[in-house]
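[1] Show me how the following folds:
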Amino acid sequence: MEAKVLKRIYKEIEDVNDDFFNLRTVVKPDPGDDVTRFPFIMLPNDGAMAHLPLVGALYIPETYPTSPPIVHLYTRTGRYNVDVYHHNATGNNRGLSSLCFNILRAESPGGYGSGTWTQACTLSALFATLMSAIVSLYVPQEGGGRRAEFVSIEGLRRVKEQVRKSFEEHKKTLPPVPQIPLVAATRVPAEELAFPAEIATGVYAGRGQQYGNMGSPGHDQKVTAGPIYLQTGDPKAVYTFAVDLCDLHENVVFSIVLSNCLNDLTGRKSDTILVRNGVTATAARKCADKPTQWFYHGKPMNDGNMRLHVTIGQDQMTMAYYSEDGRRCVFGDCPVSWLTAKELGDVRGVPFWVHIFTSNKSETPAKIYTLDTGGYGYIFRDAEDREFEFVDGADEEVPPKRKEVQQDDDKVDAGNPKTDKGSVDVDSLLAMFRAADVSSKPAK
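    This is a model prediction of the structure:
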């Protein structure tokens, strides 16, 4: 390979590695001195694969940069256009990529199957395209348009297994896994929303009985707090609650929904307005008389010791989660949604309720525990208001404790809303990836 081509390749690899905050990708030369092969690790920030190491390799053809690189992603993602030619990766076919993207085909005006790669394209542009496809809920179709690919509970299990399998198989040739960049949450005074100290799914643990309507496997269950009001212009109108999801096993569906409707949590009705996020990191936003918009936000909520702090106010709905040493990180690096008229329409004076929805798909009971917020919520501050930097965990306050169970909590009917807003195996390795330190990145 010509020296000037190698020089360009190494410069582009350096650019990719230097832009880890945005590209979430690390590339290194092949440890076996194959100058045409470059292993890589990608760490998506949203969706089923958030904070998990996806591994692959790119190959530089002799005709580069006239021809695009050949890219093999060894980790199956469950995304059609990412996995469609996976046999090229397993068969080590260095002539064809395992992914279906226009940028992996050279531009050929007027030719069949022409792509978008030109000599002006870079590896940074290529990895940006791939990462965008992985974290986007909608997948472009060859015949035009886009199709939503939702993540199921079963899909989360398959993804984790694929990550484990591919990482173990290729770990000897991979670059070191970098520190995951996260955004520190900002603490603000907030009024706590009233939820039961314990929310049970399935058979009520230790009682041998059903918890209100919350017993049969697969049965939809919810508890509700509110009403609250948005777009008030009052910076002190901030509401919050926190939950401990450590008991949330992989067969429990869990969602938090902010809605103007008491009985429509997905946006079936035309006049429903909502913002929601759920266990599979699949979120949604809906305005009145418009369809529900689905997207990925953050990481799965049932993978380890997740303590989630939800805050609504200052024109945002933001989730923060707690690391083991008490540090607060913005879930998904930005609000689930802003709540201004631009995003939701004019909702001044419209009552909204906050719902915790669960559905147990198994016979195994589980509990969600609410935490004492201490009168504080955690919100996102964008780059115009603050600098993003590493935060010393020692400066953070003590993690919140579970609320004590009151006798009356056992009598709460999950279907009736409250009306008063005040009332080093691989598994360990994957957990380590998701328990990364807090740092900074540009806001999405």
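[2] From the centroid of this structure, which residue is nearest?
    residue 298 (2.2 Å; CA atoms, centre = their mean).
[3] Helix, strand, or coil at the nearest residue to that one once chain neighbours are set aside?
    Closest residue in space to residue 298, ignoring its immediate chain neighbours: residue 332 at 3.6 Å, by CB to CB, 6 or more residues apart in numbering. Heads up, the C-betas are built off the backbone N, CA and C, glycines and all. Under the three-state scheme (DSSP: H, G, I helix; E, B strand; the rest coil), residue 332 adopts helix.
[4] going forward can the numbers begin at 2, since that is how I track them
    From this message on, residue numbering opens at 2, which makes the last subject residue 333.
[5] if I read this right, residue 333 contacts residue 47, doesn't it?
    Yes: assessed by CB atoms under 8 Å, residue 333 is found in contact with residue 47 at 6.0 Å.
[6] joint contacts of these two?
    Common neighbours of residue 333 and residue 47 (criterion: CB atoms under 8 Å, 6 or more residues apart in numbering): 282, 298, 299, 300.
[7] Return the member of the residues you listed nearest to residue 80.
    Checking those against residue 80 by CB to CB gives residue 282 as the nearest, at 14.2 Å.
[8] Tell me who's in contact with that closest one.
    So residue 282 contacts 47, 48, 49, 51, 152, 297, 298, 299, 300, 301, 302, 333 (CB under 8 Å, 6+ apart).
[9] so what pLDDT did the residue nearest to residue 84 when sequence neighbours are not counted get?
    Leaving aside its sequence neighbours, residue 84 sits nearest to residue 77 (CB to CB, 6+ apart; 5.3 Å). pLDDT recorded at residue 77 is 93.
[10] Around residue 77, how many other residues sit close by?
    20 (other CB atoms under 10 Å).
[11] Kindly report the same for residue 92.
    Neighbours of residue 92 (other CB under 10 Å): 11.
[12] just for this protein, where's the confidence low?
    110-114, 141-146, 203-220, 305, 324-327, 384-400, 406-445 (pLDDT under 70).
[13] Count the residues that sit near the nearest residue to residue 292 once chain neighbours are set aside.
    Nearest residue to residue 292 in three dimensions, chain neighbours excluded: residue 268, at 7.5 Å (CB to CB, 6+ apart). Counted by other CB under 10 Å, the residues lying close to residue 268 total 23.
[14] can you tell me which residues contact residue 268?
    Residue 268 makes contact with 275, 285, 287, 292, 293 under the criterion CB under 8 Å, 6+ apart.
[15] ok, 10 Å please
    258, 260, 262, 274-275, 277, 285-289, 291-295 (CB atoms under 10 Å, 6 or more residues apart in numbering).
[16] What separation do you get for the residue nearest to the centre of the chain and residue 5?
    Separation of residue 299 from residue 5 (CB to CB, to the nearest Å): 43 Å.
[17] same thing with residue 237?
    In this view, residue 237 and residue 5 are 61 Å apart by CB to CB.
[18] circling back: doesn't residue 159 make contact with the residue nearest to residue 84?
    Yes: assessed by CB atoms under 10 Å, residue 77 is found in contact with residue 159 at 8.1 Å.
[19] hmm, back to that, can I assume the residue nearest to residue 292 sits in a strand?
    No: judged by three-state DSSP, residue 268 forms no part of a strand; its state is coil.
[20] Surely the residue nearest to residue 299 is in contact with residue 318?
    No: using CB under 10 Å, residue 333 makes no contact with residue 318, being 11.2 Å away.
[21] Centre of the chain to the top helix by length along the chain, how far?
    The residue-count maximum for a helix in the chain (DSSP state H) belongs to helix 154-171. Centre-to-centre, helix 154-171 and its host chain are 16 Å apart (CA atoms, centre = their mean, to the nearest Å).
[22] now swap in stretch 46-54 and tell me
    The answer for stretch 46-54 is 6 Å, by CA atoms, centre = their mean.
[23] Straight-line length of it, end to end?
    Here the two ends of stretch 46-54 are set 11 Å apart, with distance taken as CA to CA, to the nearest Å.
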